[in-house]
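Novice: Just need the structure, nothing else, for what follows:
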Amino acid sequence: MEKVNAFLKRKNIVLSAKRYGIDALGAMAQGLFCSLLIGTILNTAGSQFHIGFLTAQVIEINQTGYTIGGLASFMSGSAMAVAIGYALQAPPLVLFSLPTVGYACNALGKAGGPLAVLFVAIIAAECGKAVSKETKIDILVTPVVTTLTGIGAAWVIAPPIGHVASAFGRLIMEATNLQPFWMGILVSVLVGVALTLPISSAAICSVLGLTGLAGGAAVAGCCAQMVGFAVMSFRENGWGGLISQGLGTSMLQMPNIIKNPRIWIAPIVTSAITGPIATCFFRLEMNGAAINSGMGTCGLCGQLGVWTGWFAPSEQALANGAAAIVPAAMDWAGLLLVSFILPAILCPLINQLCRNAGWVKPDDLTLP
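Specialist: Numbering: from 1, shown residues only. Just a heads-up that it's a prediction; the model follows:
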């Protein structure tokens, strides 16, 4: 056992929940952001603002034309796999072999592609790291082992993962349609909490394919956390904190949450309020790319997702029964209220009650 541990240490193979559940998952979300989400943004900007070079087909693959944004989205599996390999500190030959693995896995996994890529890329990267520089023909051995291991794992596990993830995502969305109040609370709170925790809410929403009302509830929960923390900590952190949390991430508050978990009460309660408001009153749907459901106000990606879904629903949303609409005043009001106005009002008020009760002290929300 000691020899095995020594080998794993020498190869920088760390079997831990943090390495796989936080580092790899977080990196995967960034890879998904830089491919699928950026592609969606470019396509949306091109179509809505009639930008010629963004709507023009630049290449044809298997008789399908692709725009610049379409190409970015097309490479999402490869981008995720490389990002995961980078997080696992894979050596160059392993890292450069992962695009093929990621592309194949994402294609085989279909709706559950991102989750399948997470598992398969980890397997392929760690196997590649294990044989890296162990032979004199490393230039051949490492890419072959990484590629064959990854493709083999994708062939075996990607389709079942895809079916399970797709079924679970549909279950959540159907349950939200049937019970918009209670599921609005549940989805909003859980996805919002995931956004602030050092895991990836964006990756979770993408894996589950959350669109429609469930996607709208997820957007509400994420906004409650980001805008809520940003506004209620303004007295401690000023404009810099407002922008870094409101347009960046509420994860910046995690060290403070660990010190005093009660500072989390206000954002969580706010998400429990805005979630059912989104699902029951405004019927707010997020029909853009599923990753947007878990982005909140980060770069305004959650709002871009809702806007995109109105005019040009994503393939996943279309498969779930979405259709393009012309947004009315009520739709815009719902988006603005749920995303910005309600969290900015409710969260500080609730937090003030916590301050009055002595649960939150003046410096508890100061960013490190």
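Novice: Spatially, which residue comes closest to the residue positioned nearest the centre of the chain, not counting chain neighbours?
Specialist: Geometric centre of the chain, nearest residue: Ala202, 1.2 Å, by Cα atoms, centre = their mean. In space, and not counting its chain neighbours, Ala202 is closest to Gly294: 4.0 Å by Cβ to Cβ, 6 or more residues apart in numbering. The C-beta positions use only the backbone N, C-alpha and C, and glycine is treated the same way.
Novice: what packs against the lengthiest helix in the chain?
Specialist: In the chain, taking DSSP state H as the definition, the longest helix is helix 138-178. The contact analysis (3 or more Cβ pairs under 8 Å, 6 or more residues apart in numbering; DSSP states H and E) places helix 138-178 against helix 92-95, helix 98-109, helix 113-131, helix 180-196, helix 201-208, helix 212-232.
Novice: Output those as TSV; include the columns mean pLDDT and distance to Leu42.
Specialist: Listed next are the helices and strands packed on helix 138-178 as TSV, based on pLDDT from 0 to 100; distance: least, Cβ to Cβ, whole Å:
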stretch	mean pLDDT	distance to Leu42
helix 92-95	97	26
helix 98-109	93	19
helix 113-131	92	20
helix 180-196	92	24
helix 201-208	80	18
helix 212-232	95	21
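Novice: Out of these, which gets nearest to Arg262?
Specialist: Distance to Arg262, taken as Cβ to Cβ, is lowest for helix 212-232 among the helices and strands packed on helix 138-178, at 12.6 Å.
Novice: in the protein, what residue sits furthest out from the centroid?
Specialist: Lys136 (40.6 Å).
Novice: Doesn't it belong to a helix?
Specialist: No - counting by DSSP: H, G, I helix; E, B strand; the rest coil, Lys136 is not part of a helix but coil.
Novice: Distance-wise, check Phe282 relative to Met330.
Specialist: Separation of Phe282 from Met330 (Cβ to Cβ, to the nearest Å) stands at 7 Å.
Novice: Name the residue in these two with the higher neighbour count.
Specialist: A direct count of neighbours by other Cβ atoms under 10 Å for Phe282 and Met330 places Phe282 higher, at 19 against 12.
Novice: so that one makes contact with Leu337?
Specialist: Yes - Phe282 lies in contact with Leu337 (Cβ atoms under 8 Å); the separation is 7.5 Å.
Novice: and stretch 306-322, how far apart are its ends?
Specialist: Using Cα to Cα, to the nearest Å, the end-to-end distance of stretch 306-322 comes to 12 Å.
Novice: Okay, now the unreliable bits of the chain?
Specialist: Low-confidence regions of the chain, defined by pLDDT under 70, span residues 111, 198-200.
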